[in-house]
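Peer 1: below are the sequence and a predicted model; questions follow.
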Amino acid sequence: MTNLTQWLDPLFLVQTVGLLGVILIIFAESGLFFGFFFPGDSLLFTAGFLASQGFLPIGWLTLGAALAAILGDSVGYWFGAKVGPKIFSRPDSTFFHQRHLERTKKFFDEHGKKTIILARFVPIVRTFAPILAGVGKMEYRTFLSFNVIGGLVWGAGLTLLGFGLGAIIPGVDKYLLPIVLLIIALSFIPVIKHLRYN
């Protein structure tokens, strides 16, 4: 397993960076445009599972994940509001590609304001959705209400799902890898469907 592959493996990530690291990764993926490559869904689920095994404190993990998701989206919103339309002429770089922005814009056009909630469950789109909300001058009060709902459902929900399965299913650790792979596959279904019909 290469170093890059290790850092994209949620089990390795949680065991290596611990509680604070998980919270910082969720913050980065939620609002910093270079954080789109982190495995957010599977990371939250895996962290919740490891919490059920006593590796992490579930209370702090759940609270931290939800707050990091909400604060990260708010930072993304303010970045978009500050940079504005100039972001559409930004050249591609190692951490930024116009195609990610265009994909998110199509998602926004299709789902409107609820994109802020739905995007939580769509890789890449979840990173760029708050930025585009800022670029589009969505009223911050409206953005914040959708942001809080999405942050709680995604950040706390996936964490508690992992914790719950780890606590009630005997020997669930044997199935952790297939479950994580299933979560990753499910999270990419909206992206594939969206690309197929656009």
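Peer 2: That came in fine, so what should we check first?
Peer 1: Ala28: neighbour count?
Peer 2: Residue neighbour count, defined by other Cβ atoms under 10 Å, stands at 20 for Ala28. Where C-beta positions appear, they are placed from N, C-alpha and C, glycine not excepted.
Peer 1: so it is in which element?
Peer 2: Using DSSP states H and E, Ala28 sits in helix 10-31.
Peer 1: residues contacting the most centrally placed residue in the chain?
Peer 2: Among the residues of the chain, the one closest to the centroid is Gly40, at 4.3 Å (Cα atoms, centre = their mean). Applying Cβ atoms under 8 Å, 6 or more residues apart in numbering, we find Gly40 in contact with 25-26, 29-30, 123, 126, 154.
Peer 1: so it versus Lys86, what's the distance?
Peer 2: Taking Cβ to Cβ, to the nearest Å as the measure, Gly40 falls 27 Å from Lys86.
Peer 1: Ala66 touches Gly155, doesn't it?
Peer 2: Yes: here Ala66 reaches Gly155: they are 3.8 Å apart, a contact under Cβ atoms under 8 Å.
Peer 1: more neighbours: the two, which one.
Peer 2: Taking Ala66 and Gly155 together and counting by other Cβ under 10 Å, Gly155 has the greater number of neighbours (27 against 23).
Peer 1: show the pLDDT at the more buried one.
Peer 2: With respect to pLDDT, Gly155 has a value of 93.
Peer 1: pretty sure it sits against Leu43.
Peer 2: No: contact criterion Cβ under 8 Å: Gly155 and Leu43 do not qualify, at 10.7 Å.
Peer 1: Ala129 is in what secondary structure piece?
Peer 2: Using DSSP H and E, the element containing Ala129 is helix 125-135.
Peer 1: downstream of that helix, the next helix or strand is which one?
Peer 2: As the chain continues past helix 125-135, the following element, by DSSP H and E, is helix 140-151.
Peer 1: packing partners for the helix or strand containing Glu110?
Peer 2: Assigning secondary structure by DSSP H and E places Glu110 in helix 98-111. Applying 3 or more Cβ pairs under 8 Å, 6 or more residues apart in numbering; DSSP states H and E, one finds that helix 98-111 contacts helix 115-118, helix 125-135, helix 176-196.
Peer 1: please identify the buried residues of the helix holding Ala28?
Peer 2: 10-11, 13-14, 17, 19, 22-23, 25-31 (16 or more other Cβ atoms under 10 Å).
Peer 1: many thanks, we can stop here.
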